[in-house]
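**Q** Kindly generate the corresponding structure for this input.
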Amino acid sequence: MKSWIENELKGCEFPDVRLGKRFKTIIEQLATVIGRSLPFACQDWANTKAAYRFLDNPCISEAEILKGHFQATYERFTASPGTILVLHDTTEFTFRSKHTEAIGKTHKTLAGQRPGRPRFHTVGGLLMHNSLVTTTEGLPL
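**A** Here you go, the predicted structure:
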């Protein structure tokens, strides 16, 4: 797992070396308990707080976090002979809230109808569009 993580993160560039080290630590912690929460992966409050501070740091962008992964995926893509598939999916996460500004608005839906006047409900949440790059044999890249 460590060699995979090293390869996956080698293209990441952060404005401070310490941020790169923290990111690697977070990824190593998450890799040991895939699918579990950040506090569960970090095991104690100090590591959990450090992970949340990293993710909340205004000096770090999503692009910086994903740069290494995109680069490693591209390298695997170019090294693979034959047809490569890029499978796409959009998932809608919806949340009930009176204040949708904090989570975003996805769409409006008909909530009922009064005589002569439809009532609409704003659905709050977010849309996640993801892609999986794979060979025709099903090997994920």
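
**Q** Identify each buried residue in the top helix by length along the chain, please.
**A** Secondary structure of the chain per DSSP state H: the longest helix is helix 62-79. With burial defined by 16 or more other C-beta atoms under 10 Å, the residues of helix 62-79 counted as buried are 64-65, 67-68, 71-73, 76. From N, CA and C alone the C-beta is placed, and that goes for glycine too.

**Q** Name the nearest of those residues relative to residue 56.
**A** residue 65 (12.5 Å; C-beta to C-beta).

**Q** if I read this right, that closest one contacts residue 13, doesn't it?
**A** No - checked against C-beta atoms under 8 Å, the pair residue 65 and residue 13 is beyond contact range at 10.6 Å.

**Q** ok, and the helix or strand in this protein with the lowest average confidence?
**A** Scoring the helices and strands of the chain by mean pLDDT, DSSP states H and E places strand 105-114 at the bottom, with a mean of 77.

**Q** pLDDT on the lengthiest strand in the chain, on average?
**A** Ordering each strand of the chain by length in residues (DSSP state E) puts strand 117-135 first. For strand 117-135, mean pLDDT is 86.

**Q** rewinding a little: continuing past the longest helix of the chain, what's the next helix or strand?
**A** strand 84-95 (DSSP states H and E).

**Q** May I have the longest strand of the chain as CSV, with CA atoms only?
**A** Provided in CSV are the C-alpha atoms of strand 117-135 (Å, rounded to 0.1, in the frame of the first residue of the first chain):
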residue,chain,number,x,y,z
ARG,A,117,-51.6,27.6,-7.8
PRO,A,118,-48.8,25.0,-7.7
ARG,A,119,-46.4,24.8,-4.7
PHE,A,120,-42.8,24.1,-5.3
HIS,A,121,-40.1,22.8,-2.9
THR,A,122,-36.4,23.7,-3.3
VAL,A,123,-34.2,20.6,-3.1
GLY,A,124,-30.9,21.2,-1.3
GLY,A,125,-27.8,19.2,-1.8
LEU,A,126,-25.1,18.6,-4.3
LEU,A,127,-24.4,16.8,-7.5
MET,A,128,-21.3,14.6,-7.8
HIS,A,129,-20.1,13.6,-11.2
ASN,A,130,-17.4,11.0,-11.1
SER,A,131,-15.4,9.0,-13.7
LEU,A,132,-13.8,5.6,-13.6
VAL,A,133,-11.0,4.9,-16.1
THR,A,134,-10.8,1.2,-16.8
THR,A,135,-9.5,-1.3,-19.4
